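> okay, predicted coordinates and the sequence, questions at the end:
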Amino acid sequence: MNLDADRLKKLYHDMLLIRRFEERLSDLFLKGEVAGTCHLCIGQEAVPVGVASVLRDGDWMNGTHRGHGHFLAKGGDPRLMMAEIFGRETGYAKGRGGSQHMACFDVGFLGSNGITGGGLPIATGAALALKQRKIPNVVVGMMGDGAANQGVFHECLNLAAIWKLPVVYVCENNLYAMSTPFQESCAVSKLSDRVRGFGLGVETVDGNDVLAVAEAAGRAVEWARSGGGPAFLECMTYRFCGHSRSDQCLYRTRDEETAWKARCPIELLRGVLLDKRAATESELDAIAETAAKEVKEAEDFARSSPLADVARLTEGVFE
Amino acid sequence: MNLDADRLKKLYHDMLLIRRFEERLSDLFLKGEVAGTCHLCIGQEAVPVGVASVLRDGDWMNGTHRGHGHFLAKGGDPRLMMAEIFGRETGYAKGRGGSQHMACFDVGFLGSNGITGGGLPIATGAALALKQRKIPNVVVGMMGDGAANQGVFHECLNLAAIWKLPVVYVCENNLYAMSTPFQESCAVSKLSDRVRGFGLGVETVDGNDVLAVAEAAGRAVEWARSGGGPAFLECMTYRFCGHSRSDQCLYRTRDEETAWKARCPIELLRGVLLDKRAATESELDAIAETAAKEVKEAEDFARSSPLADVARLTEGVFE
Amino acid sequence: MTRILSTSEAIREALTGEMERDERVFLMGEDIGLYGGAFGVTRGMQDKFGPERVVETPISEAGFVGVAVGASLMGRRPVVEIMFSDFILLAMDQLVNHAAKFRYVYGEKSTVPLVVRAVGGAGRAYGPTHSQAVEAYFVHTPGIKVVAPSTPADAKGLLLAAIREPNPVIFIENRVLYPQKGEVPEGAEAIPLGKAATVRAGKDVTIVGYSRMVHESLAAAEALSTEGIEAEVIDLRTLSPMDSPHVMESVKRTGRAVLVEEGPRTCGVMAELAARIAEEAIDYLDGPVTRVTMPDIPVPCSPVLEQAALPSRKSIAEAARRLCG
Amino acid sequence: MTRILSTSEAIREALTGEMERDERVFLMGEDIGLYGGAFGVTRGMQDKFGPERVVETPISEAGFVGVAVGASLMGRRPVVEIMFSDFILLAMDQLVNHAAKFRYVYGEKSTVPLVVRAVGGAGRAYGPTHSQAVEAYFVHTPGIKVVAPSTPADAKGLLLAAIREPNPVIFIENRVLYPQKGEVPEGAEAIPLGKAATVRAGKDVTIVGYSRMVHESLAAAEALSTEGIEAEVIDLRTLSPMDSPHVMESVKRTGRAVLVEEGPRTCGVMAELAARIAEEAIDYLDGPVTRVTMPDIPVPCSPVLEQAALPSRKSIAEAARRLCG
Ligand SMILES: Cc1ncc(C[n+]2csc(CCOP(=O)(O)OP(=O)(O)O)c2C)c(N)n1
Ligand SMILES: Cc1ncc(C[n+]2csc(CCOP(=O)(O)OP(=O)(O)O)c2C)c(N)n1
Ligand SMILES: [Mg+2]
Ligand SMILES: [Mg+2]
């Protein structure tokens, strides 16, 4: 077994962990065991996992509203995440942030964010901080195709470009922002064409092919790391699930869904692993079991944790 | 004398009216006869005059903070404008708006605007209104190169492009936003390159050549009028004066200023008029005198008008 | 004639009616077409009126709110939906520096007949960026009216008034109330802006609220009644201009005021009302003015925290009891 | 040791001192380098510290404020200048939905040691988009502190504290005060946030103001004194958290409160203070709480209108006189 196989298996595991984590969440929300709403990234796992795989210690990432995958890929602890979503005192933010607002500086995760596009200036500012401190690290700013229509995104592109900041904007173009088709919210066929005009290096890639994502992300990250300035990576992908709990996906066809589901990023990688004989079926099944077990542990941890502490309701606004 | 000569002489007059109006304002502000601050467009007159010259009845324009030229070119009454700047009851807004906030719907002027870039969504929305009413008119949204860095500008570009709105964004790229050189605030060498990526028709033109401006604006306006959607016109120009009253222009060289002043848009057009024998020296001098007289009358009107009426201070917030 | 409708239905009826009556009225917002908006309020309307009058927008809050301001200046009557009122903060410049100022600043032709429907309301564990109250920002802003109905009938009548109003209006909806049902008149009669309503008569204490807090206040009043305390409950309905004379009349009678607000306390809507009482009615007070509000914290996501943060019938009754005790 | 400095000089001294002391501190804003900012406050600082620490930005208020939030999360200490405080409305989302919420929402490592210097102040005929008061928006926002000094010494001491503060601070400067001079200590001692100051002792009425209105209040107090009315004048200095206990102590003594604010009245800063008085001190009042504020209008450009709109020593004295009469 070579290193490459290890790497592929890790990618496989990481995608599966996200998948299992969210499948479970989906159940829990539907059953009403967890309150509020949440956005699942089932089908899009290749993007965060591929991108995170090329990051080094000291690199940062932020997450969107659809951020569980981003956080898990960057090293978030599924137990603390699950506890947060369950509103427990042991959660990443003691139950205050919930599904859309979690951060962990120890693993380089700046935070997921409930405001579409709102995390992009934060990522850009983090890159400015790295540059000021002359640290050879980069920041990845995650976003969706919908976020690309926020004004502040463009302000950030320009700021990052003129200051040559070590930031890579990674867009999960899953063809929809909630129910709005990408093609109806953008007059050009690729976001990378729009972004190029700001002076960034850009690329559009198959976002369901984790290896293609990793390769392109590797180029973008090295460009940013080596002082070339910001880059933009558009990953074409698809969410298999609805936008949020209540979505019935009336705005897209079952055919389109089927076609994309046939290109499941996890199955695609499984195919590669088997093709290359980098792993056996049973090895891969074992990985899947590990992932399932981690999710089970996370849920047990969450359930056995105390609810958020009402006595401390007003604490923590200020340091 | 042919029609063409009449047209050229009108352009000449309109530019001179702006020039004289603002030269007088400059004096008045320096002498402290008028309070507050104001932004003069001396040196940039070719842009509003060239653009306005291709507009028809029922077309609209908005103005920036540097908006006297926009308003005068669109048909603003110098007397009411001067009265507004003098804070008189007879001013366009009874003294409430001042130099940066004047509008007149009767001449199709949506309003100048103290917020850099803030008028662009207004212009875009006005274009939406025209489109909804199926009226074959257009809106011109004026802006500076600095405004091009506002997020909302990009949101507007995208909205106008996907909705194919009859709006033409005209950027007076005078190489500086206050003291900030264009090249330091934008990573690409032309704004039109950035805007192209949003799916608009774009062009960059010599903004000191009123005929070139008129020609390019004519193309853009006809494109928008005929349902082609939005267009973007970047006019390269230069303000001969400081940004505002107190500016000493330390951020640019005297050489650069001299070079641009040698390309005064008014002198350039005068040259054309004489070359083409479209007018005689004395005819042109007479036009200049007319312009000076209009400004004098405007000032007299303002001075002889009553101050804004304090008794009505709180009126007019709501209809 | 009235029927029983939910708040969402009542709002949809107002929107539909005005769009039928006035071709200048159009809707704008994210996912308001096929999806019907995040909470289904405009469901079916794009089918009925077409995409030109139910205009779906990209996620560009500053841009499309500004576009609506521009269109309204030109005589259109846009009704914009902000999916979660928290996102209105992205459009603050367009609302405060532009829409709110234009008529005063440009003159009387520059009216802005704009309605922004901002969907607020905590209590559903949507977390800090999807639950906060934003109304006080606009109540503080000269040149913008703010409305916040509590019942289906008021939602319809006040929305009709807001759409017909020649000035910008922020119309605060509370999503927790969307499914709540009530009698709604069939006609198209507007309820004038700027008028509070006494929704329960009482002599011992005046409880003032708006939007969902009216219901909590009424429930508190019921509980108090069993203890012999008769609370008068006033629904502000319009927050700006604020019908403080209506409140003053009641407070002068009862001598006690409990002011309830779902949003954070400091400089909130009820701060203003408390200030006006302190200016106009202190001689009539038998006890301190009492506010019952969310504490000055972001809205936490966890249901137990969120519920603890929100004013409730219990905390309102408790405050009234203390005041009357 | 103290020297006489103008307010701008005092602010520059605080900025310079902190930048020398702490390499994490940097400045950000439009035209703050060579130009020194629209009012020259940072003049010469880019020469001294270089463009990496005095970072000039394009006109992208939302973007660069957000960038500063991100940098501060990472332990930098950005001090952002907003050229005219009106423009901060473009950055509301980044400030309210992000900076103000992060620590509560993400946990205690996510602190935002950010200072936003917002240059406000009416009275110079700059017109409606260059003169309005924005502080109340932030006083209403949980998770952000708001400071508004009135003297050069306070400007320096409070700015030092704001920069050292681990939480986001909106630092309201009044450009009309920039040239005003006063004694300023040489050292680098911070004045703690959250503490009001009694700037004139008196027994008959308490006048509370902040920023430029403190000077108008003091002038009013002098005038009143000649009529035998001794006003106590309190400078709030920090608006959030608001030192209402300090005010309460005084109001309970004098029995009269005149609250002065340059911004619009409804839901303003003084609405909150009036509300707290109504909650905590009504038993001590000898007359209604009285606010003296700008009416609820945009700030008009014409000098006569603007002056008529602004509270002045005259209108403050008049209010106090009425209250004491
Ligand atoms: C400022 C803002 N506007 C609107 C929303 C509501 N909203 C949440 S997610 C979403 C769609 C985002 O689309 P995209 O960026 O493509 O990400 P995706 O959901 O497809 O992952 C919308 C409209 C929001 N959270 N924030
Ligand atoms: C939102 C906003 N930010 C900053 C300013 C201050 N300001 C006024 S004009 C100006 C420069 C504008 O540059 P540009 O758009 O190039 O127009 P120009 O002045 O060159 O005509 C600035 C920074 C403002 N008025 N509004
Ligand atoms: Mg998407
Ligand atoms: Mg410029």
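Okay, I see it. Residues are numbered from 1 along each chain as shown, chains lettered A, B, ... in the order given. Ligands and ions are numbered 1, 2, ... in the order given.
> give the contact list for the closest residue to C:I191 other than its chain neighbours.
Of all residues not flanking C:I191 in the chain, C:G157 sits nearest, at 3.2 Å (Cβ to Cβ, 6 or more residues apart in numbering or on different chains). No exception for glycine: its C-beta is placed from N, CA and C like everyone else's. Contacts for C:G157 (Cβ atoms under 8 Å, 6 or more residues apart in numbering or on different chains) come out as C:14, C:185, C:189-191.
> over to C:D31?
Here C:D31 is in contact with A:178-180, C:37-38, C:56, C:83 (Cβ under 8 Å, 6+ apart).
> and if we set it to 6 Å?
By Cβ atoms under 6 Å, 6 or more residues apart in numbering or on different chains, C:D31 lies in contact with A:178-179.
> that one belongs to a helix, doesn't it?
No: going by DSSP: H, G, I helix; E, B strand; the rest coil, the assignment for C:D31 is coil, not a helix.
> for it, give me the pLDDT.
For C:D31, the model assigns a pLDDT of 98.
> and it, backbone torsions?
Backbone torsions of C:D31, given as degrees, to the nearest 10, read phi 60, psi 30.
> picking that back up, of the contacts of C:G157, which is the most crowded?
Counting neighbours by other Cβ atoms under 10 Å in any protein chain shown, C:A14 comes out on top of the contacts of C:G157 with 24 neighbours.
> that one touches C:A155, doesn't it?
No: using Cβ atoms under 6 Å as the test, C:A14 is too far from C:A155 to be in contact (7.3 Å).
> coming back round to it: ok but the residue nearest to C:I191 is inside a helix, no?
Yes: under three-state DSSP, C:G157 sits within a helix.
> phi, psi of the nearest residue to C:V289 once chain neighbours are set aside?
Of all residues not flanking C:V289 in the chain, D:A278 sits nearest, at 3.9 Å (Cβ to Cβ, 6+ apart). Phi and psi for D:A278, reported as degrees, to the nearest 10, are phi -60, psi -30.
> what's near enough to touch C:G143?
Going by Cβ under 6 Å, 6+ apart, the list of residues near C:G143 reads B:317, C:100-101.
> state the pLDDT value of the residue of the stretch 51-200 of chain A found nearest ligand 4.
For the stretch 51-200 of chain A and ligand 4, the shortest gap (Cβ to the ion) falls at A:N158, measuring 15.1 Å. At A:N158, the model reports a pLDDT of 98.
> again with the one 4 residues further on
At A:I162, the predicted lDDT confidence score is 98.
> over to A:T37?
So A:T37 comes in at 88 (pLDDT).
> doesn't C:G182 belong to a helix?
No: secondary structure of C:G182 (three-state DSSP): strand, not part of a helix.
> for it, grab the count of nearby residues.
Neighbour tally, C:G182, other Cβ under 10 Å: 19.
> surely A:A298 meets A:P78?
Yes: with contacts counted by Cβ under 6 Å, A:A298 reaches A:P78, the gap being 3.9 Å.
> from the rest of the structure, what touches the helix or strand where C:G70 lies?
Secondary structure from DSSP states H and E places C:G70 in helix C:61-73. Here helix C:61-73 makes contact (Cβ under 6 Å, 6+ apart) with A:151, B:121-122, B:124-126, B:128-129, B:152, B:155-156, B:159, C:28, C:57, C:78, C:80, C:87, C:90-91, C:94, C:98-99, C:112-114.
> residue boundaries of the helices in the chain?
Unless you meant another one, I'm taking chain A. For chain A, applying DSSP state H gives helices covering A:3-30, A:46-52, A:68-73, A:78-85, A:119-132, A:151-163, A:182-185, A:191-196, A:210-225, A:254-261, A:265-275, A:281-304.
> not what I meant, chain C
Under DSSP H, chain C gives helices at C:7-21, C:45-49, C:61-73, C:92, C:102-106, C:135-139, C:152-164, C:212-226, C:244-254, C:269-280, C:303-309, C:313-324.
> contact residues of the stretch 151-300 of chain A facing chain C?
Residues of the stretch 151-300 of chain A lying close to chain C (Cβ under 6 Å from any Cβ of the partner chain) are A:151, A:177-179, A:185, A:250-251.
> among those residues, which are within reach of chain B?
Contacts with chain B within these, counted by Cβ under 6 Å from any Cβ: A:G151.
> using JSON lines, lay out the residues of the stretch 151-300 of chain A next to chain C together with pLDDT.
Formatted as JSON lines, these follow (pLDDT from 0 to 100):
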{"residue": "A:G151", "pLDDT": "98"}
{"residue": "A:A177", "pLDDT": "98"}
{"residue": "A:M178", "pLDDT": "97"}
{"residue": "A:S179", "pLDDT": "97"}
{"residue": "A:S185", "pLDDT": "97"}
{"residue": "A:L250", "pLDDT": "95"}
{"residue": "A:Y251", "pLDDT": "97"}
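> noted, bye for now.
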